[in-house]
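# what's the 3D shape of this:
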Amino acid sequence: MKCKKKKKKKHNAEVIGRRRLWLELEFVRLLLQYLGTGPVLETPSLWLPVTQELSFQKFLEQSDFLEELKYDFNEKAELRHTETQRPFVFNYYKNVLERNSKRYQALGHLLAQYIYELLEKVCKLQKVYIPPEADKEPRSFFFMSEKALLTSHRSILLVLLQDHGVFRAGQWSQQAIIHHGLQHGSQIPCIQMALQAHYDVIVLNPNDNFVDLKMEKEWKGLLTQNIGSSSLKMVQAENVLSLQQPLQYIPKRCSNTPEEHMAYIWDYFISKTESKDVAFIVHGYGGLVFMDLLVRRKWEVMNKVYAVALIDSDHHVGHQLGSDVQLLAWIKHHCREWVTSPKPLDKPAATVLKKEFPIVSAGTEEHNLAPSSSLQSIFKYLKKALKAKTTINFSRVPVVTRSSTKRKQSA
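Residues are numbered from 1 along each chain as shown. Next up, the predicted model:
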């Protein structure tokens, strides 16, 4: 009993020490920001101490893969083996590709569910199912901050749009999470920075497009109590529907593709926020999806979105925007892209194929690490772009001059 009490006291002291360090660093960072001098300091994330209580290992204990996946996130948010402290090893079953692949897929599925929990319990975001009325069929969802849709709450609304792949909401890259940690692969650091800056946030889920019945059977029983009651109800609904549906895939209405998912959330949520200045951070295929939205909802997007930060984007201006002069002029003044490059962060990196708007280096040559390496620079850009927007609005007010006064008097 005494040993347990000592460990608990030591753990509490460590948590208090980390929080005190964060407060000190945050004070220095805000002071430097107020004075306009000094570098932007990277501060420890507030959610790191919380993950010790909501640990990934506890999540795994409810699954059928506890013996095969003895992993948890350490204090640096890196995925490590609980016994050896080594990084993730794919070749667990010596040279048996199928079994190793299935184990890797299981890890990815568990990570998706775990990050959903972090978004809700740590970032305090709300899970919103779409379409709302379709409660008896498979449907997708996204996450948003509490006041994201309140028209009375004027603030910046930041929308996160990820790359195309197997990963879900809250992730920039599943591979980066596994090999580099939550700080680099998840969207949580970005969300925390946004919330600390008093932004509202919408986290899209563009890759959640259908129910794979074959995979649903394999995942059945994989998770129990830790998914949460709302997610369990959805899984149960999908399983009931799968008994009546002979097809392997069941598309999710209003979210069959990333483009449809984006358009639906724009039409029914983002476009309704009249008092918000909207900004996007998009990665990879997310850039193509945003350009698709820009073409489909041209005037709405041009009037509502003040800045778009693209990260190593897959868009194609020529194919998507064509020769539309208005769209080309808009992206020139409202978009900026960070691309993978051997050059230092923020150094110009335009190419012959990409030169429609400012393009700079992301400070890394790895696509999966580009979001985390350029994050600080992106938030500086969003802040600067908002100031420029305010300045433009003020500059439209007619300025009274001597010559204009004389013209009025002579008239």
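
# can we go C-alpha only for contacts and neighbour counts from here?
OK.

# would R80 count as being in a strand?
Yes: read with DSSP: H, G, I helix; E, B strand; the rest coil, R80 is one of the residues of a strand.

# and it, how many neighbours?
Per other C-alpha atoms under 10 Å, the neighbour tally for R80 reads 20.

# which residues in the stretch 1-150 of the chain form strands?
Remark: strands assigned in the stretch 1-150 of the chain by DSSP state E, counting those that start in this stretch are 71-73, 79-81, 126-130, 140-144.

# of those, which approaches P206 most closely?
strand 140-144 (8.6 Å; C-alpha to C-alpha).

# Now tabulate the strands of the stretch 1-150 of the chain in a markdown table and tack on distance to Q174 and mean pLDDT.
Listed next are the strands of the stretch 1-150 of the chain as a markdown table, based on distance: least, C-alpha to C-alpha, whole Å; pLDDT from 0 to 100:
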| stretch | distance to Q174 | mean pLDDT |
| --- | --- | --- |
| strand 71-73 | 14 | 89 |
| strand 79-81 | 12 | 92 |
| strand 126-130 | 20 | 96 |
| strand 140-144 | 18 | 97 |
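
# Now distance to L110 too, for those, in a markdown table please.
Formatted as a markdown table, the strands of the stretch 1-150 of the chain follow (distance: least, C-alpha to C-alpha, whole Å):
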| stretch | distance to L110 |
| --- | --- |
| strand 71-73 | 11 |
| strand 79-81 | 13 |
| strand 126-130 | 18 |
| strand 140-144 | 17 |
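
# So which of those strands is nearest L328?
Among the strands of the stretch 1-150 of the chain, the nearest to L328 by C-alpha to C-alpha is strand 140-144 (30.0 Å).

# Now do that closest one and strand 126-130, the angle between them.
Interaxial angle, strand 140-144 versus strand 126-130 (axes from the mean of the first three to the mean of the last three C-alpha atoms, to 10 degrees): 150 degrees.

# export strand 140-144 as CSV, just CAs?
Taking Å, rounded to 0.1, in the frame of the first residue of the first chain, the C-alpha atoms of strand 140-144 are listed here in CSV:
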residue,chain,number,x,y,z
SER,A,140,-20.3,9.4,-41.4
PHE,A,141,-19.5,12.0,-38.9
PHE,A,142,-17.1,14.9,-38.2
PHE,A,143,-16.0,16.8,-35.1
MET,A,144,-16.3,20.5,-34.2
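
# right, so of the strands of the stretch 1-150 of the chain, which gets closest to D208?
Closest approach to D208 among the strands of the stretch 1-150 of the chain (C-alpha to C-alpha): strand 140-144, 6.1 Å.

# Counting by contacts, list what the closest one packs against.
Contact here means 3 or more C-alpha pairs under 8 Å, 6 or more residues apart in numbering; DSSP states H and E; on that basis strand 140-144 packs against strand 126-130, strand 200-203.

# Pairing partners for that strand, with directions?
Strand 140-144 has the following strand partners under DSSP bridges: strand 126-130 (antiparallel), strand 200-203 (antiparallel).

# for those, which one sits closest to K94?
Smallest distance to K94 across the strands paired with strand 140-144 (C-alpha to C-alpha): 38.4 Å, for strand 200-203.

# about what we covered before: pick the most buried one from the strands paired with strand 140-144.
Most buried of those by mean neighbour count (mean count of other C-alpha atoms under 10 Å) is strand 200-203; its value is a mean of 25.
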